[in-house]
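Trainee: fold the following and give me the result.
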Amino acid sequence: MEYTFETLLQVMTQLRKECPWDREQTHDSIKGHTIEEAYEVVHAIDEKNYEELKKELGDLLLHVVFHSEIAAGDGRFSIQDVLREIIDKLVRRHPHIFGDTEVSNSDDVKRNWEQLKMAEGRESVLDGVPAQLPALLKAYRLQDKASKIGFDWEKRQDVWQKVREEILELEEMAEGGDRDKMEEEFGDVLFSLVNYGRFLDINAEDALRRTIAKFVRRFQYIESRMKEDGKDLQAATLDEMDVYWEQAKDFD
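Mentor: Numbers count the residues shown, from 1 in each chain. Predicted coordinates:
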């Protein structure tokens, strides 16, 4: 078999015609799987598992082709239309490569990219950030977009001062016990921390995902070691579990 993009299209077309399951699928029925495949790609990257990344990119590519084949069957658009859209956009938004625009660095490129998107008809600089993005990632993307037109802090120290202010406001609100206000202030703390991370060139979503993975590794170490030692996790004290937690740090 020839392993080309054209072969993939042919296989998908045949599946849509002959496989009962593939034939029944719609954009809505597989959209959740599409999201899952994107997260699997991210997980493989985080794990630096490039053999797995190769497989997951194939799964994600399958979904691009699958959605395109569904659309073609509905008479909406084809994979060729999808390719045309992305190729035209890449050329249009890189005038420093395919035109006569001059840039000095990547910041110029990103600034031009946002300006070109506005010229294409967007009403807000913040348009284009998917509503379904995880909140930390969405906050990062919105802050980044706003910064492209100068709506940003000048110094990292000023951003940290804002974080401190928000934490104090949360602490004050916690004393009052107003849950709605506490939630609002807690959100402000998170938003300001995301912004500070951006000034450190740290994506809060990536950082938190890394910390979550570390927590899972350490907690599962506690479970494993306590089981080996014949101890009941449910009956263990915090001090007992903390001993194993400290041991788990040696394996990070």
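Trainee: buried residues in the helix or strand hosting Val216?
Mentor: Under the criterion of DSSP states H and E, Val216 resides in helix 204-228. Applying a neighbour-count criterion of 16 or more other Cβ atoms under 10 Å, one finds Ala204, Glu205, Asp206, Leu208, Arg209, Arg218, Tyr221, Ile222, Arg225, Met226 buried in helix 204-228. All C-beta spots, glycine's among them, are computed from the backbone N, C-alpha and C.
Trainee: mind splitting this protein into its structural domains?
Mentor: Domain assignment for the chain by automatic domain parsing gives 5-90, 153-202, 206-251.
Trainee: the shortest one: end-to-end distance?
Mentor: Okay, so that is domain 206-251. Taking Cα to Cα, to the nearest Å, domain 206-251 runs 21 Å from one end to the other.
Trainee: which stretches in the stretch 151-252 of the chain count as helices?
Mentor: Using DSSP state H, counting those that start in this stretch, the helices of the stretch 151-252 of the chain run over 156-176, 179-199, 204-228, 238-248.
Trainee: quick one: closest of these to Lys17.
Mentor: Smallest distance to Lys17 across the helices of the stretch 151-252 of the chain (Cβ to Cβ): 40.0 Å, for helix 204-228.
Trainee: name the residues that touch the closest one?
Mentor: By Cβ atoms under 8 Å, 6 or more residues apart in numbering, the residues outside helix 204-228 that reach it are 46, 134, 136-137, 139-140, 193-194, 197-198, 232-233, 236, 240-241, 244-245, 247-249, 251-252.
Trainee: which among those residues end up buried?
Mentor: Buried, going by 16+ other Cβ under 10 Å: Leu136, Leu137, Ala139, Tyr140, Leu193, Val194, Gly197, Arg198, Met241, Tyr244, Trp245, Ala248, out of the contacts of helix 204-228.
Trainee: Leu200: how many residues sit nearby?
Mentor: Look at Leu200: counted by other Cβ atoms under 10 Å, it has 11 neighbours.
Trainee: what's near enough to touch the closest residue to it other than its chain neighbours?
Mentor: Using Cβ to Cβ, 6 or more residues apart in numbering and skipping residues adjacent in sequence, the residue nearest Leu200 is Arg156, 7.3 Å away. Counting by Cβ under 8 Å, 6+ apart, Arg156 touches Tyr196, Phe199, Leu200.
Trainee: in contact with the second one, which residues are there?
Mentor: It refers to Phe199. Trp153, Arg156, Val159.
Trainee: how close does it sit to Glu2?
Mentor: Look at Phe199 and Glu2: by Cβ to Cβ, to the nearest Å, they are 49 Å apart.
Trainee: likewise for the last one?
Mentor: With the distance defined as Cβ to Cβ, Leu200 ends up 47 Å from Glu2.
Trainee: one step back: now the helix holding Val216 against helix 238-248, angle please.
Mentor: With axes from the mean of the first three to the mean of the last three Cα atoms, to 10 degrees defining the directions, helix 204-228 sits at 110 degrees from helix 238-248.
Trainee: report the rounded mean pLDDT for helix 204-228.
Mentor: For helix 204-228, mean pLDDT rounds to 95.
Trainee: chain center to that helix: distance?
Mentor: On the basis of Cα atoms, centre = their mean, to the nearest Å, helix 204-228 sits 20 Å off its chain's mean C-alpha point.
Trainee: kind regards, and thank you for your time.
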